[in-house]
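Colleague: My questions concern the predicted model and sequence given below.
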Amino acid sequence: MSEVLRVEKVSMAFGNFYALRKVDLVVNAGERRAIIGPNGAGKSTLFNTIAGQHRPTEGRIYLAGKEMTGFRPDQMWSHGLARTFQRNQLFLGLTVWENVDLACAARRQGLFGFRSGSAAGDSEIACLLANVHLGERASVAVRNLAYGEQRQLELALALAGSPSILLLDEPTAGMSPAETESMVALMSDLPREITLLIVEHDMDVVFSLADSITVLHLGEVLAFGTPTEIQDNKQVREVYMGTQGRR
Amino acid sequence: MKPPVHPLAKRPQARSQWTVWLPLTVVIITLLLAPSLGMSSFVQSLIIEILTFSILALSLDILLGYTGLVSFGHAAFFAVSGYATAILASRWTPELLVTVPISIACAAALALPLGWLSIRLSGFYFLMITFAFAQMIYTAAFRWKWLGGSDGIIVPTPQLLGHPVLQSREAFYYTALGVFGIACVLLYGVIRSQFGRTLLGIRENTRRMRALGYNVRRYKLGAFVIAATFGGVAGILNAQFNLFVAPDSAHWSLSALVLVMVLIGGSGYPLGPIIGAFIVISLQHWLSSYTEYWGLVLGILFIVLITGAREGIAGITAALWGARRMS
Amino acid sequence: MAEFLTIQTLNSLVYSMLLFLLALGLSLTFGLLRVVNLAHGAFFLLGAYVGLSTWRYTHSFVAAALVAPAITVVIGALLEKLWLMRFYLRAELDQVILTFGFALVFADIMKMLWGKDIHGAPAPPAFSDAVQVGNFAFPSYRLVLIGVGVTLFTATWLAIERTRIGALIRASVADRVMVAGLGFNVHFLFTAIFAFGTGLAGVAGWLAAPITGIYPGLDFEVLITTLIVVVVGGLGNITGAFWASLLIGASETYGKALLPEFASFVIFGVMAAVLLFRSWGRDEEEVE
């Protein structure tokens, strides 16, 4: 099993405030890892740091064995890392089709995007849309989509680059139970070639998707293990006292 | 991902290009025929000015309407190419085959360092730094003797292959029309290309574009240079028509004027800047015989536009027809 | 040489304090309302003109110094209540364009009311003499202005950092919606802050008049320099505005004295350098 992502003793400080403290994380190819933790644990910061939005104050990040500490988001992307955002980052004024078109075109950039072949692109876009069940909504302006559909589009954008590792930041946040169910189905259907790293609050989602779980608390790794191990972990239960979930 | 054959495996039709090209072609053909149908030379001059500023406004809209960068220093490139023309023509040769390419190159070359620095900022700070750069150019043009100082520089009659050309207003009229047509073709080509679509993405959500793998800064710089280049073309037209350049061509009031043209016509709409140039220039000429308080009018225009008609005339028209912004 | 330095330093301090009076209002308005008021220079000039008219009528410098800000406060409050407040949720640049439009309108209205000539204004009789500094005489009015500036900075800093109103302002900057939810009348606070800014601009206009003169175009000249100060100091940062005023004041004064051909370049260059330094290594959206 090869390592797809290695986070080594990464700390992230904003001024005097340490959002992450010496976090260690290793994710292997094909794995489905969930990152959980109470609010303020640093989950989004961890994602943002891995994705290249912040340069870690300390520590190193490796993608498939190659050091990528401090690389920019677009550089991370070109090495196979894609992400979704907790709050949708979509092109609201454009249609669903145009959104995915932009995402797919990123690979065909050339010097300035002048090397573009629409034909190959069109079926690729249609395929992506079909996979996230948005095929029927291609001509709709994104701002007119339902929230759940926007989340699905968010996923489609991330998948467009054929990533090898996908970071999903609270993919089911704000969704109704029905929407959550289809989102979980979508994620389960993703091929095992794509390694998944998911930040989630919804424990049902976590337990139905994750192979392994890393628990963060106050910026540090509190525990790591299989879902069963985490469930039985007393420390984790204490930290989560009052949170819904399986007991 | 297994590719199924999906019924929707075809790009949904974008808004027809004919809504842009048809009116434009009609206008150009009308303008071509107008002089022989008895267009007065005053109107010819007016049209030339409108065409010049249409190009300038279109070039600004590449930055404003398509990339989402509000520049308050676009006059800089207008001025630089004009001054390059003036200096080359008066001190070396008025040969157009020399002055035109070099002047355009000057504008583009200036855009590289200025753009590289400016795109590292956004929003209000981008506005301030573009303003600052233009002001520096204005100050240089105003104070430095070798740039003519506050008196400006007179541009000698242009020559083509050694022969004086463009000596009649009518000749210049047709030339300006030709340049305008070519500029439109090129700029619309840019807007409709993959590059243009990428700029739209940057305007809509820069963070997302970066996460999708685009080198956003490279695209912004590209847009900046393209905008500067076409702004330079407008500057050359202006210098050759008036046969004179002055520091005012770099003043922030000119940047503001172009900005209001883009806003009034509708930023992000292909025909918007042209409509805006037409309205503002006509208004300016018409009002100048009634009042000297052009600032008041301009200010009211800004206020009214930004309060009630953010999308400009093109936007209102498009809304009436049920169409969307640039697709 | 020492004389030259002393004079220039004193002059630059005077200029800096005037800049600070303006930068304070502009920075506060941005810090709280997230609005860059490009009409700020117009309020400055309006204060000068109103002060001039008041002085012509009353022959009292102090009366003018009270009426000028009174008028600009009222007009500022009206502008905010009737127009600007609808723009708080709009894009930042929409507000910039709006206030710029008002700046243009005010400029021409002032031209209509007061004409296009340059006017002079007198210093207050109590300070119209000069003070001996070394071998030469320095106008005492200018020294008074330095004192005014420093006092104002200290007073404002204390007010914002140490009082409850100040805490409220700082909280509102951080989270408008929350503060409103706590029951404070945020709208009134916003109007008050905006009007305070324009009031400062108005009184600065009259105070500066004996040194700068009063003429059309002064509004935009002053606005440009103030914007540079505010950008360098950091939008919303009061202490930053103070130090930036000192820096820009010194740059422009010494620049004009030593390199007259390059004077404007200096302050624009300073601003560009500061902006670029701050943005280095960060994505452009995150530069504050």
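Modeller: That came through, no problem.
Colleague: packing partners for the helix or strand of chain A with the lowest mean pLDDT?
Modeller: None of the helices or strands of chain A scores lower by mean pLDDT, DSSP states H and E than helix A:118-131, at a mean of 76. Under the contact definition 3 or more CB pairs under 8 Å, 6 or more residues apart in numbering or on different chains; DSSP states H and E, helix A:118-131 sits against helix A:96-105, helix A:147-159. For every residue, glycine as well, the C-beta is placed using N, CA and C.
Colleague: pLDDT below threshold where in the stretch 1-150 of chain C?
Modeller: Counting by pLDDT under 70, the stretch 1-150 of chain C has no low-confidence residues at all.
Colleague: how about 80 then?
Modeller: Along the stretch 1-150 of chain C, the parts satisfying pLDDT under 80 run over C:1-4, C:31-34, C:84-93, C:126-129, C:131-137.
Colleague: Run a quick neighbour tally on residue 179.
Modeller: If you meant another chain, say so; for now it's chain A. Burial measure for A:Glu179: 17 neighbouring residues, criterion other CB atoms under 10 Å in any protein chain shown.
Colleague: look at chain B instead
Modeller: A count of neighbours around B:Val179, defined by other CB under 10 Å, yields 18.
Colleague: now do C:Leu143
Modeller: Number of residues near C:Leu143 (other CB under 10 Å) recorded here: 17.
Colleague: Is it in contact with C:Asp129, as I believe?
Modeller: No: under the criterion of CB atoms under 8 Å, C:Leu143 makes no contact with C:Asp129, lying 11.1 Å away.
Colleague: Mind jotting down where the strands sit in chain C?
Modeller: Counting by DSSP state E, chain C has these strands, from start to end: C:130-133, C:136-139.
Colleague: okay, these in TSV with distance to A:Ser164 and mean neighbour count next?
Modeller: Listed next are the strands of chain C as TSV, based on distance: least, CB to CB, whole Å; neighbours: other CB atoms under 10 Å in any protein chain shown:
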stretch	distance to A:Ser164	mean neighbour count
strand C:130-133	73	12
strand C:136-139	72	14
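Colleague: Turn those into TSV, including distance to chain B.
Modeller: Listed next are the strands of chain C as TSV, based on distance: least, CB to the nearest CB, whole Å:
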stretch	distance to chain B
strand C:130-133	32
strand C:136-139	29
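Colleague: how about TSV for these, with distance to B:Leu187 added?
Modeller: What follows is the strands of chain C, written out as TSV (distance: least, CB to CB, whole Å):
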stretch	distance to B:Leu187
strand C:130-133	61
strand C:136-139	57
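Colleague: Next up, the contacts around residue 146.
Modeller: By default, I'm working from chain A. Listed by CB atoms under 8 Å, 6 or more residues apart in numbering or on different chains, A:Ala146 has no contact partners.
Colleague: was after chain C, sorry
Modeller: Applying CB under 8 Å, 6+ apart, the residues contacting C:Ile146 are C:10, C:13-14, C:17.
Colleague: who wins for neighbours among those?
Modeller: Top of these by neighbour number is C:Met17, holding 27 neighbours under the definition other CB under 10 Å.
Colleague: remind me, longest helix of chain B?
Modeller: helix B:216-242 (DSSP state H).
Colleague: Show me which residues of it are buried.
Modeller: Neighbour-count burial for helix B:216-242 flags B:216-217, B:219-242 (criterion: 16 or more other CB atoms under 10 Å in any protein chain shown).
Colleague: could you say what helices and strands that helix packs with?
Modeller: With contacts defined as 3+ CB pairs under 8 Å, 6+ apart, the packing partners of helix B:216-242 are helix B:41-61, helix B:75-91, helix B:96-118, helix B:169-192, helix B:194-204, helix B:206-211.
Colleague: domains for chain A, by residue range?
Modeller: For chain A, the structural domains run A:1-80+A:169-247, A:82-162, going by automatic domain parsing.
Colleague: Between the two ends of the shortest one, how far is it?
Modeller: Okay, so that is domain A:82-162. Separation of the first and last residues of domain A:82-162 by CA to CA, to the nearest Å is 8 Å.
Colleague: All set, thanks.
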